[in-house]
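Q: Sequence and computational prediction follow.
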Amino acid sequence: MFDKIDPDGQNLGALHRMALRFGDRNLQDNLAILYCFDMKMMHIAAQSSEMMIGQIKLAWWRDKLSADFESWPKGEPLLNIISEFTENGEGLIKACSQLVDMWEEYMIYAEQGDVEIDVMAAMRSKIYANFYKNCGHILPENIQISLLNWSKSLFASRFKAQDVHDTANKAYYPPRGPNSPSAYRNIAMLMEADFMEHKLSAESPMSILSKIGLYLRFLRKGYFGR
């Protein structure tokens, strides 16, 4: 399924694919599509040389998501998989449409040189929380807090806001306390995968033992939720 969602591996890396295999299998594919779509829109917003070009690209996605499945182009893997994935189709399309709007708003803030990181993070975390709600699950408070901080780190790193980034990094993943129940472990492990990628790509090199410790932590959280 992951190869159909992201055939070139640009949006779902090896760690994220592994992370999504933990937890509720019924949510696995839905969340993989949503996260991959989120990353694709982020790349459009972050890499467009001019805001207007990025807005045109985002508008294309918005128009396709609002149209009937039958009119969608067949050559776009993400649209193909969304059109095939009928379970919770409406909730998935709604969440993807909201992500398009959110990343366009980010582009407007970035063009003005003043990204409201707290505002953007709240928007993104709410989209994911509502997506889970549409799937019949209410995210526990500890995971909602982590989801907000994960989003803060994402926007802070995009906008090079080091002070916010340093503060939010420690909360990429659910804080110590209740275990991550199986139904919510997919999203918890996605955050853990981002945390690991950040640690492994840090400027200061890590020892082999530290890297092994990170992977063991990852597997422990995946299998046992803590």
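A: Received, thanks. Residues are numbered from 1 along each chain as shown.
Q: going forward, measure contacts between C-alpha atoms and count neighbours the same way
A: OK.
Q: name the element the residue nearest the centre of the chain belongs to?
A: In the chain, the residue lying closest to the centroid (CA atoms, centre = their mean) is Tyr35, at 4.0 Å. If you go by DSSP states H and E, Tyr35 is part of helix 25-47.
Q: Residues contacting that helix, please?
A: 1-2, 5-6, 11-12, 20-21, 51, 54-55, 57-58, 78, 81-82, 92, 95-96, 99-100, 103-104, 106-107, 135, 158, 183, 186-187 (CA atoms under 8 Å, 6 or more residues apart in numbering).
Q: helix or strand right after the helix or strand bottoming out on mean pLDDT in the chain?
A: Across the helices and strands of the chain, mean pLDDT, DSSP states H and E gives its lowest value to helix 162-169, namely a mean of 46. Next helix or strand after helix 162-169 toward the C-terminus (DSSP H and E): helix 185-200.
Q: Not counting sequence-adjacent ones, nearest residue to Arg220?
A: Arg226 (6.7 Å; CA to CA, 6 or more residues apart in numbering).
Q: quick one: the one you found from Gln144, how far?
A: Using CA to CA, to the nearest Å, we find Arg226 at a distance of 16 Å from Gln144.
Q: Pull the number of nearby residues for Ile138.
A: Using other CA atoms under 10 Å, Ile138 has 15 neighbouring residues.
Q: same deal with Gly13?
A: So Gly13, with other CA under 10 Å, has 16 neighbours.
Q: phi, psi of it?
A: As for Gly13, its main-chain torsions (degrees, to the nearest 10) stand at phi -80, psi 180.
Q: can you pull the contacts of His148?
A: No, residue 148 isn't His; it's Leu. 121-122, 124-125.
Q: which one of those residues sits closest to Asp68?
A: Arg124 (25.4 Å; CA to CA).
Q: Now name the helix or strand holding the closest one.
A: Take DSSP H and E as the rule and Arg124 turns out to sit in helix 117-134.
Q: in that helix, what's buried?
A: Of the residues in helix 117-134, those buried by neighbour count under the rule 16 or more other CA atoms under 10 Å are 117, 120-121, 123-132.
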